[in-house]
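In: structure for the following, please:
(chains A and B)
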Amino acid sequence: MIKRSDFPILQKKINGRPLVYFDNAATTQKSNFVLKALGDYYRHYNSNVHRGSNPLADAATRRYEAARDIVANFIKAEREEIIFTRGTTEAINLVARTWGEANLKAGDVVILSIAEHHANIVPWLQRQAKQKIKIKYIPLHSDGTWNLAAAKRLLNHPRVKLLAVAQVSNVLGIINPVSELIRLAHRRGIITLVDAAQSVAHLKIDVRRLDCDFLAFSGHKIGGPTGVGVLFGRRKILETMPAFLGGGDMISFVTTKNFGLNDLPYKFEAGTPDIAGVIGLGAACRYLEKLDYQQIARQEKKLTAYFLKKINRLNFVKVLGRASSKLPVFSLILDGLHPHDAADLLGQEGIILRAGHHCAQPLHDFFKTPASLRASLSFYNTTGEIDFFITKLRELQRAWRRL
Amino acid sequence: MDLYAQNIMDHYKNPRHRGPLSDADYQQREINQTCGDDLTVFIKFAGKKIKTITFIGSGCVISQAGISILSEKLVGKTKEQVLAYGFDKIKKIFGIAISDRRYNCAMLGLRAIHKALS
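Out: The predicted model follows:
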């Protein structure tokens, strides 16, 4: 059962008003379950992993590696295929800097969509600058969905080496038909990367069923702590990839002249990892599984339908992206009201929203707007909160018009 | 619902000196990357002192009202005086409390003017 009381921050007040947290696409709130896992590590068995032969190091290593098992099972991967990173951004950069550097040649093509987050654009632009690759973007229809016919044409280009796309847009909340493109890509020997930063909190992920080669997500967007994320990579591809960062843990031996690489997944985890973060991420995965994705989907479908019903009645609001296959993420354009002002003033009423381009400038350029006001909901939000938001938005617009 | 202070809303709704200045001595465009505020300032001097400031662009209330206020308050100042202005001076000129989240909006106009003059 969904219990708001599991999330202590949701009981908080802002300026004396109840906190209405509508910024879940930026980061999610943490449950007591996760907070306890973090605290327990630092209180009871804080120690480095994979090193000293002492009981504390044993306890820390056991729980750190148990978290890897939890995450592997969570997305149906093998434990050697789970690499802990600082987040989605670092995970994608890891692929670009290792697989990309080793495999992309001048003239090779990487396919993205125009709706990507900057974290899945800039690492490839950096490769373009260094290796003279070409980047082609899947265009969108005006409702925000992929132009699949155009995407298929792009995949037909003989030099395409990689398809790297978000499963869900962080601006539009639209669930993209990634499986369909992955199937086509694999028929042509194209490697596939799924940016799952926005999907994992809402959709059950099975990397075998998706059949992707890489998948990246962040802990803090699924109820886990900040500073930790996951790169899934297909084992046989990870094995052939050069290492990423160099340092402790990623080596098998070091001499003054040379070094050897450690086995998977340690080959890609140089230095002391975010041990508490990984353990907290494991707890967050377990929390979501216990809650059950079917229940999450039921609640979020209800919230999505309710939000759209209410917002559609406001004639001064336009919602970006109108696809039916949508998570409760809504980017709004308000008549005569700049998103920054709206986020600021509604924030004073306790409603937490985000204004800006949400790290998706090319997508905002596509919609010909510099910025939008984003409300992104989670299973712990309520229809009552949506009512409060709508009331305050109307109040704001009325006050604005009167001036 | 509490909106912004009256002088800010007044400058936003009735911007002073909006429009390009064909014989400007300095011209500078400045963009706020995170929120898309877009501002171009035009500055004309008479001797050592600023004679006219005008601006074009679009953005949030704080950035647009802010440059409108500056277009009045900086007239008669020298380049050196204006270059010495910082956030504290802006808060004083605007006459409102500015939260951390609006720092970039509040500073956009001054940043454009500083870039233009240096």
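In: drop to CA atoms for contacts and neighbour counts, all remaining ones
Out: Noted.
In: ok, and the closest non-adjacent residue to the residue in chain B positioned nearest to chain A?
Out: When distances are taken as Cα to the nearest Cα, chain B reaches nearest to chain A at B:C35, 4.4 Å away. Once its chain neighbours are removed from consideration, B:C35 has its nearest residue in A:G356; the separation is 4.4 Å (Cα to Cα, 6 or more residues apart in numbering or on different chains).
In: for that neighbour, give the beta-bridge partners.
Out: Listed by DSSP bridges, the beta-bridge partners for A:G356 are A:S372.
In: residues in contact with it?
Out: The contact partners of A:G356, taken as Cα atoms under 8 Å, 6 or more residues apart in numbering or on different chains, are A:P339, A:H340, A:P370, A:A371, A:S372, A:L373, B:T34, B:C35, B:G36.
In: okay, and the residue nearest the centre of chain B sits in which element?
Out: Note on chain B: the residue nearest the mean C-alpha position is B:I67, at 2.3 Å, using Cα atoms, centre = their mean. Using DSSP states H and E, B:I67 falls within helix B:61-73.
In: go on, A:Q397?
Out: helix A:383-402.
In: got the buried residues for that helix?
Out: For helix A:383-402, the neighbour count (16 or more other Cα atoms under 10 Å in any protein chain shown) marks A:E385, A:I386, A:F389, A:I390, A:K392, A:L393, A:L396, A:Q397 as buried.
In: likewise for stretch A:245-257?
Out: A:G248, A:D249, A:M250, A:I251.
In: could you do stretch B:62-72 as well?
Out: With the criterion 16+ other Cα under 10 Å, stretch B:62-72 contains buried residues B:I62, B:S63, B:Q64, B:A65, B:G66, B:I67, B:S68, B:I69, B:L70, B:S71.
In: what's in contact with it?
Out: Stretch B:62-72 is touched from outside by B:8-12, B:15-18, B:37, B:52-55, B:57-58, B:93-94, B:102, B:105-110, with contacts defined as Cα under 8 Å, 6+ apart.
In: nearest to A:A119, of the contacts of A:G356?
Out: B:T34 (15.1 Å; Cα to Cα).
In: isn't that closest one right up against A:H357?
Out: Yes - with contact defined as Cα atoms under 8 Å, B:T34 reaches A:H357; the gap is 6.5 Å.
In: neighbour count winner among those two?
Out: Legend: neighbour count by other Cα atoms under 10 Å in any protein chain shown for B:T34 and A:H357, higher for A:H357 (25 against 17).
In: against which helices or strands is the helix or strand A:K301 falls within packed?
Out: Applying DSSP H and E as the criterion places A:K301 in helix A:293-311. Applying 3 or more Cα pairs under 8 Å, 6 or more residues apart in numbering or on different chains; DSSP states H and E, we find helix A:293-311 packed against helix A:383-402.
In: up against chain A, what does chain B have?
Out: Residues of chain B lying close to chain A (Cα under 8 Å from any Cα of the partner chain) are B:M1, B:D2, B:L3, B:M9, B:T34, B:C35, B:G36, B:D37, B:G59, B:C60, B:V61.
In: need the buried ones from these selected in PyMOL.
Out: Buried residues among those (16+ other Cα under 10 Å), as a PyMOL selection:
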select buried, chain B and resi 3+9+34+35+36+37+59+60+61
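In: closest to A:D211 among the residues of chain B next to chain A?
Out: Nearest to A:D211 among the residues of chain B next to chain A, with distances taken as Cα to Cα, is B:T34, at 35.4 Å.
In: check contacts around the closest one.
Out: Residues counted as contacts of B:T34 (Cα under 8 Å, 6+ apart) are A:G356, A:H357.
In: ranges for the helices of chain B?
Out: B:6-13, B:61-73, B:79-83, B:87-94, B:103-117 (DSSP state H).
In: redo those as TSV? Include mean pLDDT.
Out: Putting those into TSV (pLDDT from 0 to 100) gives the following:
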stretch	mean pLDDT
helix B:6-13	92
helix B:61-73	95
helix B:79-83	96
helix B:87-94	94
helix B:103-117	95
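In: just the element for A:E116, please.
Out: Assigned by DSSP H and E, A:E116 belongs to neither a helix nor a strand.
In: relative to A:L231, how far out is it?
Out: With distances defined as Cα to Cα, to the nearest Å, the gap from A:E116 to A:L231 amounts to 18 Å.
In: neighbour count: the two, which is higher?
Out: Higher neighbour count among A:E116 and A:L231: A:L231, with 28 against 25, using other Cα under 10 Å.
In: in the stretch 201-350 of chain A, where is pLDDT below threshold?
Out: Of all residues in the stretch 201-350 of chain A, none has pLDDT under 70.
In: quick revisit: save the helices of chain B as JSON lines, and put in distance to A:R68 too.
Out: Rendered in JSON lines, the data for those read as follows (distance: least, Cα to Cα, whole Å):
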{"stretch": "helix B:6-13", "distance to A:R68": "53"}
{"stretch": "helix B:61-73", "distance to A:R68": "47"}
{"stretch": "helix B:79-83", "distance to A:R68": "55"}
{"stretch": "helix B:87-94", "distance to A:R68": "47"}
{"stretch": "helix B:103-117", "distance to A:R68": "41"}
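In: most packed of those helices?
Out: Per-residue neighbour counts averaged over each of those give the maximum for helix B:61-73, namely a mean of 23 (mean count of other Cα atoms under 10 Å in any protein chain shown).
In: quick one: contacts for the spatially most central residue of chain A?
Out: In chain A, the C-alpha closest to the average C-alpha coordinate belongs to A:A197, at a distance of 1.2 Å (Cα atoms, centre = their mean). Taking Cα under 8 Å, 6+ apart as the criterion, A:A197 is in contact with A:T88, A:A166, A:V168, A:A216, A:F217, A:S218, A:K221.
In: for A:V194, grab phi and psi.
Out: Main-chain dihedrals, A:V194, degrees, to the nearest 10: phi -110, psi 120.
In: that older thread, what about burial for the contacts of A:A197, which qualify?
Out: For the contacts of A:A197, a burial check counting by 16+ other Cα under 10 Å picks out A:T88, A:A166, A:V168, A:A216, A:F217, A:S218, A:K221.
In: where helices are concerned, which of those count?
Out: Judged by DSSP H, these include A:T88 as members of helices.
In: next, the buried residues of stretch A:167-185.
Out: Buried residues in stretch A:167-185 (16+ other Cα under 10 Å): A:167-176, A:178, A:181-182, A:185.
In: in a markdown table: the residues you listed, plus distance to B:E30, pLDDT and secondary structure.
Out: Conversion of these to a markdown table gives the following (distance: Cα to Cα, whole Å; pLDDT from 0 to 100; DSSP: H, G, I helix; E, B strand; the rest coil):
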| residue | distance to B:E30 | pLDDT | secondary structure |
| --- | --- | --- | --- |
| A:Q167 | 34 | 98 | coil |
| A:V168 | 32 | 98 | strand |
| A:S169 | 29 | 96 | coil |
| A:N170 | 27 | 96 | coil |
| A:V171 | 25 | 94 | coil |
| A:L172 | 28 | 95 | coil |
| A:G173 | 31 | 96 | coil |
| A:I174 | 33 | 97 | strand |
| A:I175 | 36 | 97 | strand |
| A:N176 | 36 | 97 | coil |
| A:V178 | 38 | 97 | helix |
| A:L181 | 40 | 97 | helix |
| A:I182 | 42 | 98 | helix |
| A:A185 | 42 | 98 | helix |
